[in-house]
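Undergrad: Structure for this input, please:
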Amino acid sequence: MAFESLTEKLQKIFRDLRGKGKLSEEDVRAALKEVRMALLEADVGFKVVKQFIKGIEERAIGAEVMESLTPGQQVVKIVHEELIRLMGSETTAISMNPDRAVTVIMMEGLQGAGKTTTAAKLAGKLKAKGNRPLLAACDVYRPAAVEQLKVNGEAVGVPVFSMGTENSPVNIAKAAYSHAAENHNDVLIIDTAGRLQIDETMMQELVSIKEAVPVDWTILVVDAMTGQEAVNVSKSFNDKVGIDGVIVTKLDGDTRGGAALSIKAVTGKPILYAGMGEKLSDLDQFYPDRMASRILGMGDILSLIEKAQNEVDEDQARKMGEKLRKAEFDFEDFLEQMKQVKKMGGLAGIMNMLPQLGGGMKGGMPEIDEKQMDRVEAIILSMTKEERANPSILNPSRKNRIARGSGVDVSEVNRLVKQFEQMRKMMKQLPGMMRGRRGGMGGFGGGLGGLFGKMKF
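TA: Numbers count the residues shown, from 1 in each chain. Prediction:
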């Protein structure tokens, strides 16, 4: 996640604060000095950081904290609330214009920010909500941009209107708007051309499109990996063309992420979505409160639940829950679970949403080797259906064949089979452990039983 380094630094600062009992003004100021440095290193703008720290200091050095029984926790609470305020407090959703049959969304941004892909991702999101979107290919300058939009549109099941590359973007936009109205599309998403840098010709073209068709939402797509430059780009587009919201892409990448913390403060415009991966489904509604919790290592359980609801087959999950409780699962089931985990963003993505794991643990999050998961998948796929269903028949000859088929050493096959059998034995013992005696494992088991009872598998 983009904020992993920032999360680790803030967690260390707050651990030190919580270990102090009563806090002095010097303690708070020293901690806020470290917070300031952590934010600047994360590429949050200097003016934004200055105002942010000032707001925290005004609240933290007062009776609210100093007279509290848990002053360290109170400071964390204030930082959490100020982070939410910095990113916009309220979640902003794209609304439809009730006065017109077609709501028009214009996508803009520099080349390389992922605008064309994001346009298709957004179309897919709106379609899933029951809308009937149409994509308009108005990038007539970049080679293969029109074809890219067509491929992505087909992948999300959304039609694409195009007139090739010989017509002007303004004429294409006008024709697309008429086409949408005639064909009962209630949303038109216009993919405009990006440039390698901001120039007057680019800006004038966008203004001309807005004058030619009734644009309801002008959405800027910025690349989080460009850091503070993303904020400068946002300000320029807002000043010259006007924007109604921002989509930040590549927030899952190896980036400092400061742009997401600065954009709202600099432009006054909300972040609408965050691009969290390369798949066309990897576009998440931006919730300032959830992002603040993730930055502080508090997790994001609500987003994790929503991902599970969207990606996991409920009936299949319930059957798997029964198999787990009876210790009847096999390698076929294990393979299916790995597929579900990948759909939800992989183990690292899931762990980032869990409190005390995603940066909240002392020393940071445990290293997750996604390549190891790929090797395990290759080993299981090299088994026959009979071997997956009945691992007990895996003799040395079969294991050697599986190792050759999956391109691993036979020791890795042996290790996987051994760990799998140990897991099954543990699941068989779990019911007895959960009953417990004299409160030993019983309390822990009862808690697990209650959790399983409330959740749907």
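Undergrad: Render the CA-only coordinates of stretch 102-118 in PDB, please.
TA: The C-alpha trace of stretch 102-118 is given here as PDB (Å, rounded to 0.1, in the frame of the first residue of the first chain):
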ATOM      1  CA  VAL A 102     -27.900  11.700 -20.000                       C
ATOM      2  CA  THR A 103     -25.400  12.600 -17.200                       C
ATOM      3  CA  VAL A 104     -22.100  13.600 -18.800                       C
ATOM      4  CA  ILE A 105     -18.700  12.800 -17.200                       C
ATOM      5  CA  MET A 106     -15.500  14.200 -18.700                       C
ATOM      6  CA  MET A 107     -12.300  12.400 -17.800                       C
ATOM      7  CA  GLU A 108      -9.100  14.500 -18.000                       C
ATOM      8  CA  GLY A 109      -5.500  14.200 -17.000                       C
ATOM      9  CA  LEU A 110      -1.900  13.900 -18.200                       C
ATOM     10  CA  GLN A 111      -0.700  11.000 -20.400                       C
ATOM     11  CA  GLY A 112       0.400   8.000 -18.300                       C
ATOM     12  CA  ALA A 113      -1.900   8.600 -15.400                       C
ATOM     13  CA  GLY A 114      -4.100   5.700 -16.400                       C
ATOM     14  CA  LYS A 115      -7.100   7.800 -17.600                       C
ATOM     15  CA  THR A 116      -8.300   5.600 -20.400                       C
ATOM     16  CA  THR A 117      -8.200   2.500 -18.200                       C
ATOM     17  CA  THR A 118      -9.900   4.400 -15.300                       C
END
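Undergrad: Distance from that stretch to the middle of the chain?
TA: 19 Å (C-alpha atoms, centre = their mean, to the nearest Å).
Undergrad: Show me what counts as buried in it.
TA: Within stretch 102-118, the residues that count as buried by 16 or more other C-beta atoms under 10 Å are 102-111, 113-118. To be clear about C-beta, it is placed using only N, CA and C from the backbone, and glycine gets the same treatment.
Undergrad: next one: stretch 182-192 to chain centre, how far?
TA: On C-alpha atoms, centre = their mean, the centre of stretch 182-192 falls 26 Å from the chain's centre.
Undergrad: Pull the residues that contact that stretch.
TA: 96, 101-108, 115-116, 119, 122-123, 126, 131-139, 145, 149, 159, 169, 173, 176-177, 179-180, 205-206, 209, 213, 215 (C-beta atoms under 8 Å, 6 or more residues apart in numbering).
Undergrad: Can you say which of those residues are buried?
TA: So, by 16+ other C-beta under 10 Å, the buried ones in the contacts of stretch 182-192 are 96, 102-108, 115-116, 119, 122-123, 126, 131, 133-139, 145, 149, 159, 169, 173, 176-177, 179-180, 205-206, 209, 213, 215.
Undergrad: Sketch out the helices for the stretch 251-400 of the chain, chain order is fine.
TA: Secondary structure of the stretch 251-400 of the chain, counting by DSSP state H, counting those that start in this stretch: helices at 258-267, 288-295, 301-311, 314-325, 331-343, 346-352, 370-381, 385-389, 396-406.
Undergrad: now swap in the stretch 1-150 of the chain and tell me
TA: In the stretch 1-150 of the chain, the segments counted as helices under DSSP H, counting those that start in this stretch are 4-18, 25-41, 46-60, 63-66, 71-87, 115-128, 145-156.
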